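Student: Could you work out the structure for the sequence below:
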Amino acid sequence: MSTRWYPLYQRGNPQLRVFLPNFWMKLVEPIHQQHNNIVQFIVSTEMTRYDIKNYLEKIYNVSVVEVKTRIVSGEYNRGSWVIKTNIAPCENNKVSSRPTVPVQVRVTEGHQDEDSVRITEGHQQQDSSRGE
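Tutor: Residues are numbered from 1 along each chain as shown. Have a look, this model is predicted:
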């Protein structure tokens, strides 16, 4: 059995357990053209800056310099009209009411350690050239 949350007592006291993280990070393509050293994530709203730093350092062995996040409300449906916010359109035209936390990861240029990254505030805006 592999779950994220284990009960305090499990019959037979099994010793073999699989580690699954309690948080998720989704790597997304930036809406606007970015430098080659910038990567953007959307993370779970329960994650703090400290959690993001530990997640990248402990699981992916990436040393983190700084963490900045912001919460963006998702698209929501009011009656038959879809009110759009300043985030990217959802995949397959799905309507989502859950807020997201966009985060951008920038690899520091000219730094001696290649694994060092700088996490900066994500900027997502609707592309007006698409006519949406």
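
Student: Which helix or strand contains T45?
Tutor: Element membership for T45 (DSSP states H and E) is empty, with no helix or strand holding it.

Student: residues near it, how many?
Tutor: Using other C-beta atoms under 10 Å, T45 has 12 other residues around it. Just so you know, the C-beta spots here come from the backbone N, C-alpha and C atoms, and that holds for glycine as well.

Student: What are the phi and psi values at it?
Tutor: T45 adopts backbone torsions of phi -70, psi -20, taken as degrees, to the nearest 10.

Student: surely it meets S73?
Tutor: No. Contact criterion C-beta atoms under 8 Å: T45 and S73 do not qualify, at 10.7 Å.

Student: okay, the longest helix along the chain in PDB with CA atoms only?
Tutor: Secondary structure of the chain per DSSP state H: the longest helix is helix 49-54. The C-alpha trace of helix 49-54 is given here as PDB (Å, rounded to 0.1, in the frame of the first residue of the first chain):
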ATOM      1  CA  ARG A  49       8.300  29.200   0.600                       C
ATOM      2  CA  TYR A  50      10.200  26.900   3.000                       C
ATOM      3  CA  ASP A  51       8.400  23.900   1.600                       C
ATOM      4  CA  ILE A  52       9.300  24.800  -2.000                       C
ATOM      5  CA  LYS A  53      12.900  25.300  -1.100                       C
ATOM      6  CA  ASN A  54      13.100  22.000   0.800                       C
END
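
Student: contact partners of that helix?
Tutor: 23, 25, 43, 64, 67-69, 103, 119 (C-beta atoms under 8 Å, 6 or more residues apart in numbering).

Student: give me that answer again for 10 Å
Tutor: For helix 49-54, contacts defined as C-beta atoms under 10 Å, 6 or more residues apart in numbering pick out 21-23, 25, 41, 43-44, 47-48, 62-69, 101, 103, 105, 117, 119.

Student: What subset of the residues you listed is buried?
Tutor: For the contacts of helix 49-54, a neighbour count by 16 or more other C-beta atoms under 10 Å gives the buried set as 23, 25, 41, 43-44, 47, 62, 64, 67, 69, 101, 103, 105, 117, 119.

Student: isn't P102 right up against T45?
Tutor: No. At 11.2 Å, P102 does not count as touching T45 under the criterion of C-beta atoms under 10 Å.
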